[in-house]
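Asks: Predicted model and sequence below, questions to follow.
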Amino acid sequence: MLQSVIYAWKVTGSISVNCPGGFSGKSGIVAGASVQAAYYLNALAWAAAIVILVLACYLTAQASLDRGFVVKWWMYWAAAVLVGFLLPLAVLSLAPLKLAAGSCGGARPGMPVHMSFTQIFPSMVAWAIWAFAAFPLLSLLLTRLAGWHPASRGFFHYRGCPWPRWNPFAS
Amino acid sequence: MSLAHDGSATAGQTLTFLALGGSGMRAVEPLLHLCALGLGPRQLRLVLIDPDQSNAAVKRATELIDLYVRTRRALAEGGTVAGYFGTEVVDAVGSDRVWSPIADDENLPDARFATRVDRTLMRGQGEPLGNLFDLLYAERVRRMDLGMGFRGVPSIGTVFMNRLREEAFFAQLLANAQSNADTLFFAVGSIFGGTGSAAFPVVGRALADGVRGQGGANGIAGVPPHRIGGAVLLPYFTLPAPATPDAPDGGPRPETTLFAQNAAAAMPTYTAGHAGYGALYVLGDAMPREQDGNEVGGERQQNRAHYVELFAALAALDFAAGGGADPAGRFPLFRATAVAGKEVRWGDLPVDDAARRRLMGGIVAAHTVLTLFRPDGASNPALHDELRGVTWLRLLKLEGGAFQERSGALDGLARFYARTWTWLSELERSDPGCHLTRWEGRAPTQVRPDELIAGHHLPGSAGRRRHHVFHVFRHWNEAAFHRRAETGFPGFLQTMRDGSEAYARARFPESSHPHGAA
């Protein structure tokens, strides 16, 4: 499990799929290059989503640190976890995966195939866990590094979040 | 009249403010509020003159002076106070607080006019004098209780006002003026009633003449006219019809019908320059407000604040900002301003943009104090938690506990600003109204920062966004960043001022709708 979380961004083994068309009932292998491309795309989309969420959380707010912002930050954190969970489902299920040459007997190599939900689900969990860690870490990093100067706007005005103001029930 | 200063021009000045009678006394209140909001001179010496020491206006003024002095002292612990409450207020009269021209005789239980001039002793050789006295003053005037003021009969007051020249505090004021060329004098009083009308010419003349030496003692030279200014208040209120024609003591009541006549009769004294003033600000209202009651004096003579009194205070600051009148000019100089329309709005205030901005910022700061630090004047047990992690607090190296240590200063600040809130609300509700605010009687916590200032609203989405006190803190954060060298509580006071002014500048810009609904 831990390994799958750590290596969620890349392929850890060959992925077998049900053979398409007239070869149904047999198992084939997805071409490694197409799987790798799909996972890279997923990693990039995930990173972009987390960064966008952190930026949106801090830069769209117009006030200074208060309980309302801490609640908002928690909501964005939850959104980041949800995005981390759902993004692999969208990316990997829609990714143009191809059948590896020589699998599924006489099937034409490069035929489009799709991963099943059960194959994608571990990645969804893994990326959600990464999102859970990445959102507060990125928030902390940006409020500490960029937040020293007013030009960084929200990161300056809300530099007390997530630390020490991470608990919305404190006040 | 144009108050061309942002507080910095008056920062080095010492202004001696002489409040004459009830109207002059009521001008003390706006003056103190302006000082608390950072518009005052370096030092303000107050001389309160009124024979009616139990008057509600006297009580209100002295209470506010005490509150100001206490608050400033609490704020000054551990550092100097600049900006808000930057003006040092000194009671120039001394322990008596209010100088009464009839005070010398106050050991006498009988305060009737005839008794105070020893009419009973005008016998024998003094009989002709007694007859003259009886001829000049009607019976009901002779028996009027002077402890309730001079009630529209300034000729009586003038008799007693000249005692000012014999007072030690007055000699001290003149002596200070000799040693400090920055000291300016400014008197405020109405010239349509009793006490103010009696005192205004005498005070100006006494300041200009100085004190003559007696019994071998050296006299003290007078003050040059360019350092003596004054605001004469023309009829700006009327009184409702009284229940009885005479006062409870059988003496006369002030009569509204005579106000304009009294003022017109008095004005030539000033236009001719006989009263010693170098600059005169003439203030009045074409539509005088009827007061709530017709009380002769005492505690029941409670009148709401009026914008003319604010203008009188602004006139004093204008005089101080200019360093007095031009010494080479012809005296007296007259200053005039006008109000467009029936109601007074921000654009009508005779102040420059910087002073207007400072005033708006002060209102924002007062609201912040009364919203978060002391909500509606009460303590806030959650303050420490609410401020945890706030940027300006960190930049000023203040811990949340710092405000618990300085709770006395914050309490004082809140109490004073609560009075400022009440005063501005009274001005708003007055008729004619002074619509600097549009609070409609609400408590501070019920008013959002973005609706604090009347007549300035931003169009579009920026105008629709609802603000709260943490929107103001965004500007405090930046102010604290730029003032990082100044930390601790003194830094907090500076941050409060700079940040609140920055919020006012951003939220209530000059380009916003000047007469729109806030």
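Replies: Noted; the coordinates are in hand. Numbers count the residues shown, from 1 in each chain, chains lettered A, B, ... in the order given.

Asks: Chain B contacts on chain A?
Replies: Within chain A, the positions near chain B by C-beta under 8 Å from any C-beta of the partner chain are A:62-69, A:149-150, A:156-161, A:163-165, A:170-171. In short, each C-beta sits where N, CA and C put it, glycine included.

Asks: Derive a ChimeraX selection command for the buried subset of those residues.
Replies: If you want just the buried ones from the residues of chain A next to chain B in ChimeraX, going by 16 or more other C-beta atoms under 10 Å in any protein chain shown, the selection is:
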select /A:63,64,65,66,67,69,150,156,157,158,159,160,161,165
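
Asks: Okay, and which of the residues of chain A next to chain B map to helices?
Replies: Residues of these located in helices (DSSP state H): A:67, A:68, A:69, A:156, A:157.

Asks: what about residue 13, how many residues close to it?
Replies: All of this refers to chain A. 7 (other C-beta atoms under 10 Å in any protein chain shown).

Asks: The intended chain is chain B.
Replies: As a burial measure, residue B:13 scores 24 neighbours (other C-beta under 10 Å).

Asks: Surely it is in contact with residue B:184?
Replies: Yes. Residue B:13 sits in contact with residue B:184 when judged by C-beta atoms under 8 Å, with a separation of 6.2 Å.

Asks: Can you check which residues contact both of these two?
Replies: Shared contacts of residue B:13 and residue B:184, defined by C-beta atoms under 8 Å, 6 or more residues apart in numbering or on different chains, comprise B:320, B:323.

Asks: how about low-confidence regions in the chain?
Replies: Going with chain A. Scanning chain A for pLDDT under 70 picks out the ranges A:1-5, A:9, A:11-12, A:22-25, A:171.

Asks: Please refer instead to chain B.
Replies: Low-confidence segments of chain B (pLDDT under 70): B:1-12, B:78, B:104-107, B:215-216, B:249-250, B:252, B:293-302, B:400, B:457-465, B:511-518.

Asks: Can you name the residue of it nearest chain A?
Replies: Nearest residue of chain B to chain A (C-beta to the nearest C-beta) works out as residue B:389 at 2.2 Å.

Asks: who touches that residue in this structure?
Replies: Going by C-beta under 8 Å, 6+ apart, residue B:389 touches A:65, A:159, A:160, A:161, A:163, A:164, A:165.

Asks: got the contact list for the first one?
Replies: In this structure, residue A:65 makes contact with A:157, A:158, A:159, A:160, A:161, A:165, B:389, B:390, B:391, B:470, B:473, judged by C-beta under 8 Å, 6+ apart.

Asks: Next, count neighbours for residue 118.
Replies: I'll assume chain A. Around residue A:118 there are 7 other residues, counting by other C-beta under 10 Å.

Asks: should've been chain B
Replies: Count around residue B:118 with other C-beta under 10 Å applied: 12.

Asks: residue contacts, residue B:410?
Replies: With contact set as C-beta under 8 Å, 6+ apart, residue B:410 has these partners: B:369, B:373, B:374, B:403.

Asks: Residue B:64 touches residue B:30, doesn't it?
Replies: No. Using C-beta under 8 Å, residue B:64 is not in contact with residue B:30; the gap is 10.1 Å.

Asks: between the two, who's got more neighbours?
Replies: Between residue B:64 and residue B:30, counted using other C-beta under 10 Å, the more crowded position is residue B:30 (25 against 21).

Asks: I figured that one hits residue B:316, correct?
Replies: No. At 9.6 Å, residue B:30 does not count as touching residue B:316 under the criterion of C-beta under 8 Å.

Asks: Which parts of chain B are strands?
Replies: Ranges of strands in chain B, per DSSP state E, are B:14-20, B:43-49, B:88-91, B:98-99, B:183-190, B:210-211, B:220-221, B:228-233, B:237-238, B:279-283, B:289-290, B:333-335.

Asks: neighbouring strands for the fifth one, and are they parallel or not?
Replies: Neighbouring strands of strand B:183-190 in its sheet, by DSSP bridges, are strand B:14-20 (parallel), strand B:228-233 (parallel).

Asks: Could you say which of those is packed most deeply?
Replies: strand B:228-233 (a mean of 31; mean count of other C-beta atoms under 10 Å in any protein chain shown).

Asks: Need the CA coordinates for it. PDB is fine.
Replies: What follows is strand B:228-233, C-alpha atoms only, in PDB (Å, rounded to 0.1, in the frame of the first residue of the first chain):
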ATOM      1  CA  ILE B 228      -5.200  85.700  18.800                       C
ATOM      2  CA  GLY B 229      -8.000  84.200  16.800                       C
ATOM      3  CA  GLY B 230     -11.700  83.600  17.500                       C
ATOM      4  CA  ALA B 231     -14.800  82.000  16.200                       C
ATOM      5  CA  VAL B 232     -18.000  84.000  16.800                       C
ATOM      6  CA  LEU B 233     -21.100  82.000  16.600                       C
END
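
Asks: Spatially nearest residue to residue B:454 (excluding sequence neighbours)?
Replies: Among residues not flanking residue B:454 along the chain, residue B:438 sits closest, at 4.0 Å (C-beta to C-beta, 6 or more residues apart in numbering or on different chains).

Asks: ok, that neighbour - how many residues close by?
Replies: Residue crowding around residue B:438 was assessed by other C-beta under 10 Å; the count is 17.

Asks: ok, now residue B:161?
Replies: By other C-beta under 10 Å, the residues close to residue B:161 number 25.

Asks: Could you do residue B:315 as well?
Replies: For residue B:315, the count of nearby residues is 28 (other C-beta under 10 Å).

Asks: if I look at it, how far off is residue B:268?
Replies: As judged by C-beta to C-beta, to the nearest Å, residue B:315 and residue B:268 stand 21 Å apart.

Asks: residue at max distance from the center of chain A?
Replies: For chain A, the largest distance from the centre (C-alpha atoms, centre = their mean) belongs to residue A:106, which lies 36.3 Å off.

Asks: From residue A:114, how far out is it?
Replies: As defined by C-beta to C-beta, residue A:106 lies at a distance of 21 Å from residue A:114.

Asks: of the strands paired with strand B:183-190, which approaches residue B:488 most closely?
Replies: strand B:14-20 (28.5 Å; C-beta to C-beta).

Asks: so that closest one versus strand B:43-49, what angle?
Replies: Relative orientation of strand B:14-20 and strand B:43-49, computed by axes from the mean of the first three to the mean of the last three C-alpha atoms, to 10 degrees: 20 degrees.
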